[in-house]
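> Any chance you could fold what I've pasted below:
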Amino acid sequence: MPTLIKKLDAGSFQLKDQVVAINRVTKVVKGGKNLSFAALVVVGDPSAGVVGYGSGKAKEVPQAIRKGIESAKKNLIKVNLTQTSIAHLVLGRYGSGKVLLKPAPEGTGVIAGGAVRAVMTSVGVQNVLTKSIGTTNPHNVIKATFDALKQLKTREGVAAMRGKTAQEL
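Alright, predicted model coming up:
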């Protein structure tokens, strides 16, 4: 059953961008090697709980980053958060990469590495424990993190599923 996801307008948020990875790629052709750059970028508004990622390729690094930011603005998602952390433990998967997100008490901070940290800080989570299992490829790690964030449920959503009110839980 495909879920209907409405597009979020990037103009209505104060988006901050963060470059996760820049990769130099070459294409070997008859005349030699064609050099270009690939950039992986995460954009997010911590106050609104909105985050997105994108990839861009160009001959120069700044152009690749700009393309990545434009791509990231096109696939923003809204994340269900509590005040400073996530509501429950969740495991996101993509390819051979798995990302475990675990709620943490106040004052813990963002315990995450590399690509996962970029996503967590961009979405506005202040206290979370994470573990990246399997691949270290930043593309797959970010996609697994987004899979985990999409699985987060609100208290009201769980109550509705169980046929109860939020106060009963």
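> burial measure for residue 54, as a count.
Neighbours of residue 54 under the rule other Cβ atoms under 10 Å: 21. Quick note: C-beta positions are derived from backbone N, CA and C, even for glycine.
> Tell me if I'm right that it and residue 43 touch.
Yes: contact status for residue 54 versus residue 43: in contact at 7.5 Å, counting by Cβ atoms under 8 Å.
> shared neighbours of those two, anything?
69, 72, 73 (Cβ atoms under 8 Å, 6 or more residues apart in numbering).
> residue ranges with poor pLDDT in the chain?
1-6, 166-169 (pLDDT under 70).
> Scan the shared contacts of residue 54 and residue 43 and report the most crowded one.
residue 72 leads the shared contacts of residue 54 and residue 43 on contacts (other Cβ under 10 Å) with 25 neighbours.
> Spatially, and excluding backbone neighbours, which residue is closest to that residue.
residue 54 (3.3 Å; Cβ to Cβ, 6 or more residues apart in numbering).
> So what pairs up with that neighbour in the strands?
On the basis of DSSP bridges, residue 54 is bridged to residue 41.
> Let me see the contact set for it.
40, 41, 43, 67, 68, 69, 70, 71, 72, 73, 74, 75.
> Select only the buried ones of those residues in ChimeraX?
ChimeraX command restricting the contacts of residue 54 to the buried ones, with burial defined by 16 or more other Cβ atoms under 10 Å:
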select :40,41,43,67,68,69,71,72,73,75
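> Now, the contacts of residue 54 that are in strands?
Judged by DSSP state E, these include 40, 41, 43 as members of strands.
> May I see the domains of the chain written out as residue ranges?
Here the domain parsing of the chain from automatic domain parsing is 10-77, 80-168.
> Next one: residue 23 from residue 60, what distance?
14 Å (Cβ to Cβ, to the nearest Å).
> Neighbour count: the two, which is higher?
Under the neighbour definition other Cβ under 10 Å, residue 23 and residue 60 were set side by side, and residue 23 has more, 14 against 11.
> and the helix or strand containing that one, which strands flank it?
Assigned by DSSP states H and E, residue 23 belongs to strand 16-29. Taking DSSP bridges as the criterion, strand 16-29 forms sheet pairs with strand 32-45 (antiparallel).
> For the partner strand, buried residues please.
36, 37, 38, 39, 40, 41, 42, 43, 44, 45.
> Let me see the contact set for the first one.
Think residue 36. With Cβ under 8 Å, 6+ apart, residue 36 has these contacts: 24, 25, 26, 27, 57, 58, 59, 64.
> repeat for residue 151
90, 92.
> switch the cut-off to 10 Å
80, 88, 90, 91, 92, 93, 101 (Cβ atoms under 10 Å, 6 or more residues apart in numbering).
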